[in-house]
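Novice: predicted structure and sequence below. I'll ask about it afterward.
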Amino acid sequence: MGESICFIMPTMDGGGAERVVSILSGEFARSGCDVTLFLTNSTHTAYALDKRVHVDTSCAESNPNSLDQIKAIRAKMRAMPNTVFISFMDSQNLFTLIAGIGMRNRIIISQRNDPHRAFGKRRLVRAIHPWLYALADCVVFQTQDALEYYPKYAAGKYRVILNPLNNSMLPRYEGERSKRVVTVCRLNEQKNLPLAIDAFAEFRTRFCDYTFEIYGEGALENDLKRYAVSRGLAIAFISAASGRMFMPAFSMPPCLSFPRILRDSRIQ
């Protein structure tokens, strides 16, 4: 048996971090690792998981608050002392680091957000989290720019790893492309979709025959719809609940897509 690995996630609902965890957990399991997925907030799983991945929903089933989650993660560490814990998402990163104080487990955390926007309106936590993150054995970033936000004294712990892709999901397309611009993401503040809408409004002044489709769900959906109307745009907002899946939209003649750096940009 290979390395023992436990992923910490609040939920496995549809989203970028969830997709990455589904891919990584499967790859680790196939390589011979003993892999556990520990869910702390919700038992729902939107992505197919390798059957060898053990899914533990005991914490999520108890409707836990923050302290409950920290206690549950610490109990999991105590039960799995030789396991590497890999955490995704802001709150779970902090919970895992706090839970790991005095424990022998190695801890890896993934910072997938723009650090300037991390933790939303919790400004104090946002201000001190770089020094807390430095307590981890390793911190993984998606960009060099994000890495450089954190304390230089812990630079030896930092790694930049790009998002993994499942090549079987998007076969290479050769042929004429449709005149659509699409993006897929959560409809929340961190994604900065007003900037994408502004960019499309400018783009459309030169290419008026293109349309814009936004796939995703989130608290800002109605606000974004109103903002699109205020910019004079008829943007299609398509959610998973509508019954239309994301991937079939991309299996049609390919279109342009806004890169993540635009959605996560700090530019206002």
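Specialist: Received, thanks.

Novice: so is residue 5 in a helix, a strand, or just coil?
Specialist: strand (DSSP: H, G, I helix; E, B strand; the rest coil).

Novice: which residues does it bridge with?
Specialist: For residue 5, the beta-bridge partners are residue 35, residue 84 (DSSP bridges).

Novice: local confidence estimate at it?
Specialist: Model confidence at residue 5, given as pLDDT, is 97.

Novice: repeat that for residue 151.
Specialist: 90.

Novice: who touches the closest residue to it other than its chain neighbours in this structure?
Specialist: Nearest residue to residue 151 in three dimensions, chain neighbours excluded: residue 134, at 5.3 Å (Cβ to Cβ, 6 or more residues apart in numbering). C-beta: built from backbone N, CA, C; applies to glycine. Going by Cβ atoms under 8 Å, 6 or more residues apart in numbering, residue 134 touches 150-151, 153-154, 157.

Novice: distance check, residue 28 against residue 7.
Specialist: Noted for residue 28: a distance of 9 Å to residue 7, by Cβ to Cβ, to the nearest Å.

Novice: list residues touching both of these two?
Specialist: By Cβ under 8 Å, 6+ apart, the residues touching both residue 28 and residue 7 are residue 35.

Novice: mind checking which of the two has more residues around it?
Specialist: Using other Cβ atoms under 10 Å, the more surrounded residue of residue 28 and residue 7 is residue 7, with 26 against 22.

Novice: what is the burial count for the closest residue to residue 62 other than its chain neighbours?
Specialist: Distances taken as Cβ to Cβ, 6+ apart put residue 68 closest to residue 62, at 6.7 Å, once the chain neighbours are dropped. Applying other Cβ under 10 Å, we find 14 residues neighbouring residue 68.

Novice: which SS class is residue 229?
Specialist: State at residue 229, reduced to three classes by three-state DSSP: helix.

Novice: hmm, I typed the wrong one, I wanted residue 218.
Specialist: Secondary structure for residue 218, judged by three-state DSSP, is coil.

Novice: surely residue 237 touches residue 225?
Specialist: Yes. The pair residue 237 and residue 225 qualifies as a contact (Cβ atoms under 8 Å) at a distance of 6.1 Å.

Novice: tell me which of those two has more neighbours.
Specialist: Neighbour totals were compared for residue 237 and residue 225, and residue 237 leads with 17 against 14 (other Cβ under 10 Å).

Novice: quickly find the element holding that one.
Specialist: Using DSSP states H and E, residue 237 falls within strand 236-238.

Novice: parallel or antiparallel, list what pairs with that strand.
Specialist: Applying DSSP bridges, strand 236-238 is found paired with strand 211-215 (parallel).

Novice: what's the neighbour count on residue 42?
Specialist: Residue 42, neighbours per other Cβ under 10 Å, totals 15.

Novice: related to what we said a few turns ago, closest one of the contacts of residue 134 to residue 119?
Specialist: residue 150 (14.2 Å; Cβ to Cβ).
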